[in-house]
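Q: Below are the sequence and a predicted model; questions follow.
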Amino acid sequence: MPSITLIQHTTATPEQFVAGLTDFGPGRADLFPNSADADLRVHDRGDTFADVTEGSGGIWERLHYDWSDPTRIVLTTVDSNVWGGRSGHTYTFTKTQDGTLVHAEVVREGKNFKGKLLGLSLGLLGRKVLGGALEKTVRAIEARG
């Protein structure tokens, strides 16, 4: 089960990053390449949580988002066609003199053959692939700024 840690600096504030992560409207795919607008469904949403299904390319995941702590967002996998167990994402934000340090922890536990194969691939290439995706997300959130 791969657990991938990524760290990215951004000029965006933690509040701007949280706003980007929790914007489930049209154009989400511009911020998150692995979240196609056509596959996005918001099941429930409150002031500090959301229950959302998202994905792309035949891989989907239902996630519980919790941003009750403004310095930390936890995405817990509730259901998926490939991920199970302890899968999810945790984003932690630390203010710096010139922006924010984004610390992302991605856990992927495959629940079937396809998930285990994808998990193995992420174990080998995840830092590069997911790191590139995080960098695109950071740049898109900064551009909104």
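A: Arrived safely, thanks for sending. Computed from a predicted structure; not experimentally measured.
Q: And the nearest residue to residue 141 once chain neighbours are set aside, how close does it get to residue 143?
A: Leaving out its chain neighbours, the residue that sits closest to residue 141 by C-beta to C-beta, 6 or more residues apart in numbering is residue 20, at 4.0 Å. Placement of C-beta: from N, CA and C, glycine included. Plainly put, residue 20 is 10 Å away from residue 143 if you go by C-beta to C-beta, to the nearest Å.
Q: Strands of the protein, residue ranges please.
A: 3-10, 41-45, 49-56, 59-69, 72-80, 88-96, 99-107 (DSSP state E).
Q: Dump those strands to TSV, plus mean neighbour count, mean pLDDT and distance to residue 16.
A: Formatted as TSV, the strands of the chain follow (neighbours: other C-beta atoms under 10 Å; pLDDT from 0 to 100; distance: least, C-beta to C-beta, whole Å):
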stretch	mean neighbour count	mean pLDDT	distance to residue 16
strand 3-10	16	95	8
strand 41-45	11	97	19
strand 49-56	18	97	18
strand 59-69	17	97	13
strand 72-80	18	98	13
strand 88-96	17	96	10
strand 99-107	18	96	8
